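Visitor: Sequence below, structure please.
(one chain, ligands or ions: 1)
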Amino acid sequence: MQNVTDLPFMRVIARRGGPDWFVTEFFRVHPASKPDRYILRSIRENTTGIPIFAQIIGSDAEAMVKEAKILLRENIAGIDLNLGCPSPTVCGKSAGGGLLRHPEEINRMIGMLRDSIHTRFTVKTRVGYADESEFTKLLEIFRSHAIDGLTIHGRTVADRYQTPVRPQCVAAAVATLPCPVIANGNVVNATAGIRYQALTGASGLMIGRGAIRNPWIFDQLRARFLGETPTQPRAHDLLDYIEDLYAELARESKEYHELHHIQRMKKTMLYIVQGLGDEFEQAMRRMRTEEEFFHLCRSSLDHDALIPDVPPEQSKLFCGFTELLTSP
Ligand SMILES: Cc1cc2nc3c(=O)[nH]c(=O)nc-3n(C[C@H](O)[C@H](O)[C@H](O)COP(=O)(O)O)c2cc1C
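Guide: Presented below is the predicted three-dimensional model:
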């Protein structure tokens, strides 16, 4: 996830179990681009032992092939094509989710990438641009190119991040495609993940925001799939996670600038504080110094209580997940 799941974040997540695969933040590709050096570091200095896919986003098929070939020289698990980003700037350039309006261009781009990538080549998509009825045509294209995996964020681009996901679309992909299908969107806790998988028959789950709030979610899911009882993190575990992330991010900065660092931490903290009360969130937004930051975190989290399993529904960053939790 752009500006969040960078190298320091991956290290911290891996210490808490981590996923089976990472995906980099997206490399923006255009005819004159070279792979972003900061994102490249998350591949070159990935010592977590967890394989990583390099994700690319762009609208120029020739440039995408060129960049993919450069990235293939790195130690990656494969290349992932982003067809999901809903940012108006990205979509305006017919990249990411914007490409979903141009199925013929997707067809050409995937064909060219497939011919050039002799290792795993996967696609991350939404279920349409404006409407899920577009998905049937997209699935035909994906099926015709022997991709190695499809991750589906079960929303349209128009849905952005706020609505419930559409498990029926993921199930349709599972029924149509010979490759593994990964379900994504709204997995806020292990129960949501178990339900999403059961509703869709997906081979796996991709987790974004839920893993920022709860980095133990991958281990919790592994336990649940094995029929075991997962451990529930406590407030002091969360404090330890925040301290770890703060230190890792500081270690990566060329120059430690206190205010910049606090601003960077706040981007991640906004996910972490969901469910810890409005007062904590408001106070976090006001933080300007390291001392204030740690005083707030330690005074709020240096205890043994369990942290809430789910964030509040309809919070700013998490909404629409209740349907997954309450599905039969
Ligand atoms: C801040 C932010 C940055 C994101 N960056 C990326 C990205 O670089 N590549 C990508 O495939 N998805 C990106 N996403 C989308 C997520 O991967 C995911 O598809 C979406 O948030 C839904 O899943 P979740 O509910 O588990 O977060 C981003 C989402 C957010 C909120």
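Visitor: what about stretch 149-163, average pLDDT?
Guide: Mean per-residue pLDDT for stretch 149-163: 96.
Visitor: distance between that stretch and the chain's centre?
Guide: On the basis of Cα atoms, centre = their mean, to the nearest Å, stretch 149-163 is displaced by 12 Å from the centre of the chain it belongs to.
Visitor: which one is the residue nearest the centre of the chain nearest to, not counting chain neighbours?
Guide: Among the residues of the chain, the one closest to the centroid is Gly208, at 3.3 Å (Cα atoms, centre = their mean). Excluding the flanking residues, the one nearest Gly208 by Cβ to Cβ, 6 or more residues apart in numbering is Met1, at 5.4 Å. C-betas here are computed from N, CA, C, even on glycine.
Visitor: can you pull the contacts of that neighbour?
Guide: Listed by Cβ atoms under 8 Å, 6 or more residues apart in numbering, the contact set of Met1 reads 25, 208-209, 212.
Visitor: Report pLDDT for it.
Guide: pLDDT, read off for Met1, is 91.
Visitor: Same question for Glu255.
Guide: The score at Glu255 is 85. That number is its pLDDT.
Visitor: Show me which residues of the stretch 151-300 of the chain are close to the ligand?
Guide: 153, 161, 184-187, 207-210 (Cβ under 6 Å from any ligand atom).
Visitor: Spell out the secondary structure type for Leu81.
Guide: strand (DSSP: H, G, I helix; E, B strand; the rest coil).
Visitor: With Ala183 instead?
Guide: What three-state DSSP gives for Ala183 is strand.
Visitor: Just give the number of residues close to it.
Guide: 30 (other Cβ atoms under 10 Å).
Visitor: what's the answer for Gly18, then?
Guide: So Gly18, with other Cβ under 10 Å, has 20 neighbours.
Visitor: How about the one 10 residues further on?
Guide: By the measure other Cβ under 10 Å, the count of residues near Arg28 is 20.
Visitor: how about the residues of the stretch 151-300 of the chain next to the ligand in TSV, adding secondary structure?
Guide: Shown next, in TSV, are these (three-state DSSP):
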residue	secondary structure
His153	strand
Tyr161	coil
Asn184	strand
Gly185	coil
Asn186	coil
Val187	coil
Ile207	coil
Gly208	coil
Arg209	helix
Gly210	helix
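Visitor: Point out the least confident one among those residues.
Guide: Of all those, Tyr161 has the smallest pLDDT value, namely 93.
Visitor: and the nearest residue to Ala14 once chain neighbours are set aside, which of the three is it?
Guide: Spatially, and ignoring its direct neighbours in sequence, Ala14 is nearest to Thr48 (3.6 Å; Cβ to Cβ, 6+ apart). Here Thr48 is coil, with the state taken from three-state DSSP.
Visitor: Would you confirm that Thr48 contacts Gly18?
Guide: Yes - using Cβ atoms under 8 Å, Thr48 is in contact with Gly18, at 6.4 Å.
Visitor: Quickly list what's touching both of these two.
Guide: With Cβ under 8 Å, 6+ apart as the test, Thr48 and Gly18 both reach Met10.
Visitor: how does the chain divide into domains?
Guide: Domain assignment for the chain by automatic domain parsing gives 7-225, 235-301.
Visitor: just how off-centre is the first one within its chain?
Guide: The one in question is domain 7-225. 8 Å.
Visitor: do you know how far the closest residue to the ligand within the stretch 151-300 of the chain is from Thr176?
Guide: Per Cβ to the nearest ligand atom, Gly208 is where the stretch 151-300 of the chain lies closest to the ligand, at 2.8 Å. Going from Gly208 to Thr176 by Cβ to Cβ, to the nearest Å gives 24 Å.
Visitor: Need the pLDDT of Lys316.
Guide: 76.
Visitor: Let's verify it: helix, strand, or coil?
Guide: coil.
Visitor: so how many other residues sit close to Val65?
Guide: 17.
Visitor: Same check on Leu72?
Guide: As a burial measure, Leu72 scores 15 neighbours (other Cβ under 10 Å).
Visitor: Over to His260?
Guide: 11.
Visitor: you'd agree Gly98 is in a strand?
Guide: No - applying three-state DSSP, one finds Gly98 to be helix, outside a strand.
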